[in-house]
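**Student:** Provide a 3D model corresponding to the input given below.
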Amino acid sequence: MLRVLLLAIVGAGAFAAVYFVTEPESRPSPQTPTETASLANAAPVGQEPVSFELRPAALDESGVARESLTPPIRDVTPANMTAAPPVNGALARVESTTAEEPSPSLPGRRERLFNPVVESAGSIDIGARTIRLAGIAAPEADKRCGAEPGTWPCGRMARAALRRFIRGRAIECEVPQGAEAIPDSARCFVGGEDISEWMVAHGWAERDGETFADAEKAARAAKLGLWGDGWPGGQPAELAAGD
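**Tutor:** Next comes the predicted model:
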């Protein structure tokens, strides 16, 4: 028994002496990562061995792995539709250069109003709202024209003339382009005729601007309404009567 133990010790010492004396090039080299991975993933006995190889990732100019920049492209085209051309390069987001188009404005139109009430020669009441006739300057209901002692109630007569012209008919007023409702000052019509123009043409209002210049010139020349020397000729006296 002692001889066997001595022989084992002598043998181990001889092996160690041979290993350290041998040149480094002749020693067995350590296993590469590929070999280590292959050994680590070796299949159990009786099964097909599975091995893999470690490869460095392909990098772009900035040192980023290309696989992280270009994810796989999945074809989601339905079976009954023609597939789009294949994409071979990397996908890139393209910013839209088209400016947002402004929402279309509402077109100009006319809105019909019923039961108009004339409170003065330059305005019409619709319910609780008052619409001023655009483009004219008409006298207030209490205005008097002419020189003393021959003054006359031109404001009340102008109001009465407008009432006789409308005769309770529905009127239509313009809603400008882009607006949702009739403005406080608007062009209004009755029977297709411009109410403001009619007032100027018959001498019951002055123009406010250049729109009715010709109509006012003709009324002045004919001395109609406000442009007469006194009580308007041809106008019935009842025009100046009550409200």
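
**Student:** wait, what's in contact with residue 209?
**Tutor:** Taking Cβ atoms under 8 Å, 6 or more residues apart in numbering, we find residue 209 in contact with residue 135. Quick note: C-beta positions are derived from backbone N, CA and C, even for glycine.

**Student:** For my notes, confirm it occurs in a strand.
**Tutor:** No - with DSSP: H, G, I helix; E, B strand; the rest coil as the criterion, residue 209 is located in coil rather than a strand.

**Student:** residues near residue 157, how many?
**Tutor:** 27 (other Cβ atoms under 10 Å).

**Student:** so which strand or helix has it?
**Tutor:** Following DSSP states H and E, one finds residue 157 within helix 154-166.

**Student:** any idea how far the nearest residue to residue 84 once chain neighbours are set aside is from residue 86?
**Tutor:** Excluding the flanking residues, the one nearest residue 84 by Cβ to Cβ, 6 or more residues apart in numbering is residue 77, at 6.6 Å. Note on residue 77: its distance to residue 86, by Cβ to Cβ, to the nearest Å, is 11 Å.

**Student:** For stretch 134-151, which residues meet the burial criterion?
**Tutor:** In terms of neighbour count (16 or more other Cβ atoms under 10 Å), stretch 134-151 has its buried residues at 134-136, 138-139, 141, 143, 145.

**Student:** now stretch 158-169
**Tutor:** By neighbour count on 16+ other Cβ under 10 Å, the buried set for stretch 158-169 is 158-163, 165-166.

**Student:** cool, and stretch 218-228?
**Tutor:** Counting neighbours by 16+ other Cβ under 10 Å, one finds that the buried residues in stretch 218-228 are 219, 224-228.

**Student:** out of these, which are inside helices?
**Tutor:** Among the buried residues of stretch 218-228, the residues falling in helices (DSSP state H) are residue 219.

**Student:** Among the buried residues of stretch 218-228, which pair sits farthest apart?
**Tutor:** Greatest spacing in these, by Cβ to Cβ: 219 and 228 (10.0 Å).

**Student:** got any residues that touch both of these two?
**Tutor:** Common contacts of residue 219 and residue 228 (Cβ under 8 Å, 6+ apart): residue 203.

**Student:** can you list the residues that contact the helix or strand hosting residue 119?
**Tutor:** Element membership for residue 119 (DSSP H and E) is strand 117-120. Residues outside strand 117-120 that contact it (Cβ under 8 Å, 6+ apart) are 124-126, 130, 138, 140-141, 155, 159, 162-163, 166.

**Student:** so which pair among the residues you listed is furthest apart in space?
**Tutor:** Spatially, the most separated pair among the contacts of strand 117-120 is 126 and 155, at 21.2 Å (Cβ to Cβ).

**Student:** where does the protein have low pLDDT?
**Tutor:** Along the chain, segments meeting pLDDT under 70 span 1-73, 87-91, 94, 96-105, 232-243.

**Student:** quick one, strands of it?
**Tutor:** 109-113, 117-120, 123-126, 129-133, 136-137, 171-175, 185-186, 188-190, 193-194, 206-207 (DSSP state E).

**Student:** rewinding a little: between residue 126 and residue 155, which has more neighbouring residues?
**Tutor:** residue 155 (22 against 16).

**Student:** export stretch 189-205 as CSV, just CAs?
**Tutor:** Taking C-alpha atoms only, stretch 189-205 is exported to CSV below (Å, rounded to 0.1, in the frame of the first residue of the first chain):
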residue,chain,number,x,y,z
PHE,A,189,-83.9,94.7,-49.5
VAL,A,190,-87.6,94.5,-50.0
GLY,A,191,-89.2,93.1,-53.1
GLY,A,192,-85.6,92.8,-54.6
GLU,A,193,-85.1,96.6,-54.2
ASP,A,194,-82.3,98.1,-52.1
ILE,A,195,-84.0,100.0,-49.2
SER,A,196,-81.1,102.3,-48.6
GLU,A,197,-80.9,103.3,-52.3
TRP,A,198,-84.6,103.9,-52.4
MET,A,199,-84.4,106.3,-49.4
VAL,A,200,-81.6,108.3,-51.0
ALA,A,201,-83.2,108.3,-54.5
HIS,A,202,-86.4,109.8,-53.0
GLY,A,203,-84.7,112.4,-50.9
TRP,A,204,-85.4,110.9,-47.5
ALA,A,205,-81.8,110.2,-46.5
